[in-house]
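Peer 1: from the sequence below, what's the structure:
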Amino acid sequence: MGKFLRINTSDNSFTFEETPETYAGLGGRALTSKMILDEVPATCHPLGKQNKLIFAPGILSGSPAADSGRMSAGAKSPLTGGIKESNAGGLVSQKLARLGITALVLEGKPTTDEYSMIVINKDGVSILPAKELAGKGNYDVMEALWDQYGKNVGVLSIGQAGEQCLKGASINQADMNGRPGRAHGRGGLGAVMGSKKIKAIVVDDKGAGRLKMKDPEAFKAANKRWVEMLRKHPVTGEGLPALGTAVLVNVINESGTLPTQNFRSGRFDNAQDISGETMADTIESRGGIPSEACHPGCVIKCSNVYHDKEGKYLTSGFEYETIWAFGAHTMIKKLDDIAMLDRLCDDFGLDTIEMGVTIGVAMEGGMIPWGDGKAAVELLSKIGTYENEGKIIGNGAAFTGDALGVDRIPVVKKQALPAYDPRSCKGVGVTYATTPMGADHTAGYGVTANILGVGGTVDPLKKEGNIELSQGLQIATAAIDAAGLCLFVAFAVLDNEDGLPTIVEMLNAQHGLELTPDDVLELGKSILNNELEFNKKAGFTKVDDQLPEMFTEEFPPHNTKWDFSTEELSKTLSF
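Peer 2: As a prediction, this is how the structure comes out:
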């Protein structure tokens, strides 16, 4: 077993401890959620000394398993007030695993305003002053740390939003080019890191060596099948590598599910202008990178590098959710404006979904005009300059809507809805309503069977089958997050009978276990039960597991409504 590294930010002390038996065999979301339940008082203030910020590599992280470099970050969320796990690619997960660190735990809260940074390597831990990094955005921070500690070190950092402890603040990871293109975005975890006055964390695994496999030959054989499965599937092997996640823009628009002008319609007249096809053509014509990995060992390669009109770097990791949130949702139709908004979010350390929805709510409230990309850039920039308007929008859609007297605020548990309307994609709507995380498509991606025909088909416009669809996907997703696997592997797993058994074979070969697929699904259920228990202790009830009133309106083009009762939805996570 690995070790826990606990850092007390009150006095910048640290301790290593053997992984307790109660956490043996856990990783990723399974570990962060159980530790938050066990160690964080559910009624504590998210920015107070009793909250903890926990980073945990997945169970497969550090191994050669394809697409296993994701890491979970967990805490009580400043945005939702409930439990939060936020998942990201980058370099840190695999490096922590190779250093034998099962969990990195930030505890306590300093009494001074001085920022610190943490450096972790094979020789130990250093906690250093970070005065020269304070006030800087993530681009400058990561460039400085790569210059100082060497290229390819893992970096976690917060920008100006995290320093202000804003509820929309993210924790960004350096991508493979040393840029902040990967983010633990949802739930405001950057504010928790900011409250503990940790500006950055550097993880360097040089000299640490590779993880040892209990059965190397069995692992190699299973991973070979796993790679073939991912490369042969039409989504993970063709669509995502070619057009990135923005491949979905035209697909979701055509299905009448692309939320437009703050969820008033399912079709955006200018969808083609912000589509994956247009993005790919633009990237190629300007000399960008159309397809790259978000972490070493990724074979899907759905990330990218987007250049401006002069052929200079503008942003990376330019994804569907971001393009929708700052595009169709706000009626902004210029891809370059959306790319600039994405860059600002990466630099300031902000969740792009939360900020895109917030900009739409600000337009709803008359702060800036609908569709005005330049005004949106100017408004978002106020977060980086610590202005009052920035402090409003930086706290998210619910906070901004309340400040402006708006009644159309698309949130669940105060977290903004993502890029699929729940009235015409009811499977994902059930997930928005019931996941302990607040509105989150990744918690149970019902778009698979509702729209894409992956893993079967369930009518997206009717209630039948969608509670069961969401339940099954939420269980499976929790287990995938625990393994440290990319969510997108689910496409191949759902369409291959040996998908889950192959993951189980890799787990068994790496750790010398005798797990079955049923054991993995039971792990998924236990994760969700831990999260539900925390939220119950925090004061959440089944009334919180419902969509806002605005979704009872008819939604064109299908003219459907959200029609699930709270009692019906309560069955979703009843195991």
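Peer 1: P129: how many residues sit nearby?
Peer 2: Neighbourhood size, P129 [other C-beta atoms under 10 Å]: 13. Bear in mind the C-beta positions are built from the backbone N, C-alpha and C, glycine included.
Peer 1: quick check on it: phi, psi?
Peer 2: Main-chain dihedrals, P129, degrees, to the nearest 10: phi -60, psi 140.
Peer 1: now it: how far from L104?
Peer 2: 20 Å (C-beta to C-beta, to the nearest Å).
Peer 1: before we move on, what SS does E17 have?
Peer 2: Of the three states, E17 takes strand under DSSP: H, G, I helix; E, B strand; the rest coil.
Peer 1: that one reaches Y23, doesn't it?
Peer 2: No. Using C-beta atoms under 8 Å, E17 is not in contact with Y23, being 10.7 Å away.
Peer 1: which one's more surrounded, those two?
Peer 2: Shown here are E17 and Y23; by other C-beta under 10 Å, Y23 has more neighbours (18 against 12).
Peer 1: per-residue confidence at the nearest residue to that one once chain neighbours are set aside?
Peer 2: Setting aside the residues directly before and after it, Y23 is nearest to L31 in space (C-beta to C-beta, 6 or more residues apart in numbering), at 6.0 Å. At L31, the pLDDT value in this model is 98.
Peer 1: mind checking the SS state of the closest residue to F575 other than its chain neighbours?
Peer 2: Spatial nearest neighbour of F575, chain neighbours left out: K525 (5.0 Å); criterion: C-beta to C-beta, 6+ apart. With three-state DSSP as the basis, K525 sits in helix.
Peer 1: show me what contacts K525?
Peer 2: K525 is in contact with I475, A478, F575, counting by C-beta atoms under 8 Å, 6 or more residues apart in numbering.
Peer 1: verify the contact between L258 and A328 for me.
Peer 2: Yes. Using C-beta under 8 Å, L258 is in contact with A328, at 5.3 Å.
Peer 1: what touches both of these two?
Peer 2: Common contacts of L258 and A328 (C-beta under 8 Å, 6+ apart): F268, A271.
Peer 1: where in the chain is pLDDT low?
Peer 2: 1 (pLDDT under 70).
Peer 1: domain parsing of it, as residue ranges.
Peer 2: As given by automatic domain parsing, the domain ranges for the chain are 3-203, 253-419.
Peer 1: among the ones you listed, which is nearest G427?
Peer 2: G427 lies closest, by C-beta to C-beta, to one member of these: domain 253-419, at 11.0 Å.
Peer 1: now do the same end-to-end measure for that closest one.
Peer 2: Domain 253-419 has an end-to-end distance of 10 Å (C-alpha to C-alpha, to the nearest Å).
Peer 1: now swap in stretch 56-73 and tell me
Peer 2: End-to-end span of stretch 56-73 (C-alpha to C-alpha): 6 Å.
Peer 1: from the chain's centroid, how far away is that stretch?
Peer 2: Mean-position distance between stretch 56-73 and its chain equals 15 Å (C-alpha atoms, centre = their mean, to the nearest Å).
Peer 1: also stretch 486-498?
Peer 2: 19 Å.
Peer 1: in that stretch, what counts as buried?
Peer 2: Neighbour-count burial for stretch 486-498, counted by 16 or more other C-beta atoms under 10 Å, picks out C486, L487, F488, V489, A490, F491, A492, V493, L494, D495, N496.
Peer 1: which of the residues you listed fall in helices?
Peer 2: Among the buried residues of stretch 486-498, DSSP state H puts V489, A490, F491, A492, V493, L494 in helices.
Peer 1: wait, which of those is closest to V153?
Peer 2: Nearest to V153 among these is V489, at 26.6 Å by C-beta to C-beta.
Peer 1: what's near enough to touch the closest one?
Peer 2: D67, L230, T236, I300, I480, G499.
Peer 1: of those, which belong to helices?
Peer 2: Among the contacts of V489, the members falling in helices (DSSP H) are L230, I480, G499.
Peer 1: would you mark the buried spots in stretch 265-279?
Peer 2: Residues S265, G266, R267, F268, N270, A271, D273, I274, S275, G276, T278, M279 are the ones in stretch 265-279 that count as buried (16+ other C-beta under 10 Å).
Peer 1: please apply the same query to stretch 122-129.
Peer 2: V125, I127.
Peer 1: can you tell me the helix or strand for the spatially closest residue to N262 that is not a sequence neighbour?
Peer 2: For N262, ignoring the flanking residues on the chain, the nearest one in space by C-beta to C-beta, 6+ apart is G360 at 4.7 Å. Here G360, judged by DSSP states H and E, is contained in helix 352-364.
Peer 1: can you give me the helices for the stretch 201-350 of the chain?
Peer 2: For the stretch 201-350 of the chain, helices defined by DSSP state H, counting those that start in this stretch occupy the ranges 216-232, 240-243, 248-254, 276-285, 320-326, 335-348.
Peer 1: out of these, deepest packed?
Peer 2: Comparing the helices of the stretch 201-350 of the chain by mean neighbour count (mean count of other C-beta atoms under 10 Å), helix 320-326 ranks first with a mean of 28.
Peer 1: save the domains of the chain as a markdown table, and put in distance to T560 too.
Peer 2: Output for the domains of the chain, formatted as a markdown table (distance: least, C-beta to C-beta, whole Å):
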| stretch | distance to T560 |
| --- | --- |
| domain 3-203 | 26 |
| domain 253-419 | 9 |
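Peer 1: tally of neighbours for the residue nearest to N529 when sequence neighbours are not counted?
Peer 2: Nearest residue to N529, sequence neighbours excluded (C-beta to C-beta, 6+ apart): F575, at 7.1 Å. Other residues lying near F575 total 12 when counted by other C-beta under 10 Å.
Peer 1: follow-up on the earlier one: from the buried residues of stretch 265-279, which is closest to L133?
Peer 2: The shortest approach to L133 among these belongs to M279, at 32.4 Å (C-beta to C-beta).
Peer 1: ok, the spatially closest residue to that closest one that is not a sequence neighbour to A443 distance?
Peer 2: Computed as C-beta to C-beta, 6+ apart, the closest residue to M279 that is not its neighbour in sequence is A246, at 5.0 Å. For A246, the distance to A443 equals 21 Å [C-beta to C-beta].
Peer 1: same question, L31
Peer 2: Per C-beta to C-beta, L31 is found 17 Å from A443.
Peer 1: V125 should be in a strand, yeah?
Peer 2: Yes. V125 forms part of a strand when assessed by three-state DSSP.
Peer 1: what are the ranges of the helices in the stretch 351-500 of the chain?
Peer 2: Here the stretch 351-500 of the chain has its helices, by DSSP H, counting those that start in this stretch, at 352-364, 373-384, 388-393, 397-404, 426-434, 447, 466-483, 489-494, 499-511.
Peer 1: again with the stretch 51-200 of the chain
Peer 2: 92-98, 138-149, 160-163, 189-195.
Peer 1: quick one: list the elements packing against the shortest one.
Peer 2: Same thing as helix 160-163. Applying 3 or more C-beta pairs under 8 Å, 6 or more residues apart in numbering; DSSP states H and E, one finds that helix 160-163 contacts helix 189-195, helix 373-384.
Peer 1: now do that helix: distance to the chain's middle.
Peer 2: Taking mean C-alpha positions (C-alpha atoms, centre = their mean), helix 160-163 and its chain are 18 Å apart.
Peer 1: what sits up against that helix?
Peer 2: Contacts to helix 160-163, defined as C-beta under 8 Å, 6+ apart, come from residues 115, 134-135, 137, 168-171, 190-191, 193-194, 199, 348-350, 383-384, 386, 394.
Peer 1: okay then, goodbye and thanks.
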